[in-house]
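# Here is a sequence together with a model predicted from it:
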Amino acid sequence: KNEVEQSPQNLTAQEGEFITINCSYSVGISALHWLQQHPGGGIVSLFMLSSGKKKHGRLIATINIQEKHSSLHITASHPRDSAVYICAVWIWVAGNKLTFGGGTRVLVKP
Amino acid sequence: EPEVTQTPSHQVTQMGQEVILRCVPISNHLYFYWYRQILGQKVEFLVSFYNNEISEKSEIFDDQFSVERPDGSNFTLKIRSTKLEDSAMYFCASSERDSTTDTQYFGPGTRLTVL
């Protein structure tokens, strides 16, 4: 049973397009992280949020705790945004460990 | 900007051998983590470490695994007798505070290949 589901699994966009990646989880959480994994494998934390909305540059992350859903938006996408975006949650009833989604592979074409 | 470093970047070993993966967390961070990612699969939590002891571990982290902070700067993951299925990318991460309230910073990873 996947506690964290992401959609879509793969996404191709043209440069400049608005991109939305979704994350749904089935359990109570303490916090949710959005991570970016570069083609070389390195992982960078983009956002940590437990409520509301955060914005950093062209990236916006939102979370709806009641609906157990989060979205990551990329505005004015650029080829350098091509990466795998991973949602991860702290499940507070399961010993407070970080549980990861399967990732969304994003390709932005010039 | 401070960063988490990991060595080696790639380790090749024979099945049954012991390996030690090394990490240097960001200096003022107090919480440390190991994760692994088998090729093509999700990232998986292995263990978290705080105040010189394991605070949480997953079912993957069995008796073959151990962690240590030997000298106040390094944070190591030891696999005592490697199996083929231990082949994966291993990521170390650290955070200043409990990661339910703070960002985790990830190292670049060590690719472990068990032959």
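Noted; the coordinates are in hand.

# In the chain, what helix or strand scores lowest on average pLDDT?
Defaulting to chain A. strand A:97-100 (a mean of 86; mean pLDDT, DSSP states H and E).

# Not quite, go with chain B.
Every helix and strand in chain B was compared by mean pLDDT, DSSP H and E; the lowest is strand B:53-57, with a mean of 91.

# Tell me how far the following helix or strand past that strand lies from the chain's centre.
Counting by DSSP states H and E, the next helix or strand C-terminal to strand B:53-57 is strand B:65-68. Centroid displacement of strand B:65-68 relative to its chain, using Cα atoms, centre = their mean, to the nearest Å, is 9 Å.

# For strand B:65-68, list every residue counted as buried.
B:65, B:67 (16 or more other Cβ atoms under 10 Å in any protein chain shown). C-beta: built from backbone N, CA, C; applies to glycine.

# The least confident helix or strand of chain B - contacts with which helices or strands?
In this structure, strand B:53-57 packs against strand B:43-50, with contacts taken as 3 or more Cβ pairs under 8 Å, 6 or more residues apart in numbering or on different chains; DSSP states H and E.

# Which strands border the strand it packs on, and is each parallel or antiparallel?
As defined by DSSP bridges, the strand partners of strand B:43-50 come to strand B:31-37 (antiparallel), strand B:53-57 (antiparallel).

# Now that strand: buried residues?
For strand B:43-50, a neighbour-count test (16+ other Cβ under 10 Å) marks B:43-49 as buried.

# before we move on, what about stretch B:33-44?
Of the residues in stretch B:33-44, those buried (16+ other Cβ under 10 Å) are B:33-37, B:42-44.

# Stretch A:5-19 now?
Buried residues in stretch A:5-19, defined by neighbour count with 16+ other Cβ under 10 Å: A:6, A:11, A:13, A:19.

# As a markdown table, the buried residues of stretch B:33-44 with distance to A:Ser82 would be great.
Output for these, formatted as a markdown table (distance: Cβ to Cβ, whole Å):
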| residue | distance to A:Ser82 |
| --- | --- |
| B:Tyr33 | 26 |
| B:Trp34 | 27 |
| B:Tyr35 | 23 |
| B:Arg36 | 24 |
| B:Gln37 | 19 |
| B:Lys42 | 20 |
| B:Val43 | 19 |
| B:Glu44 | 24 |
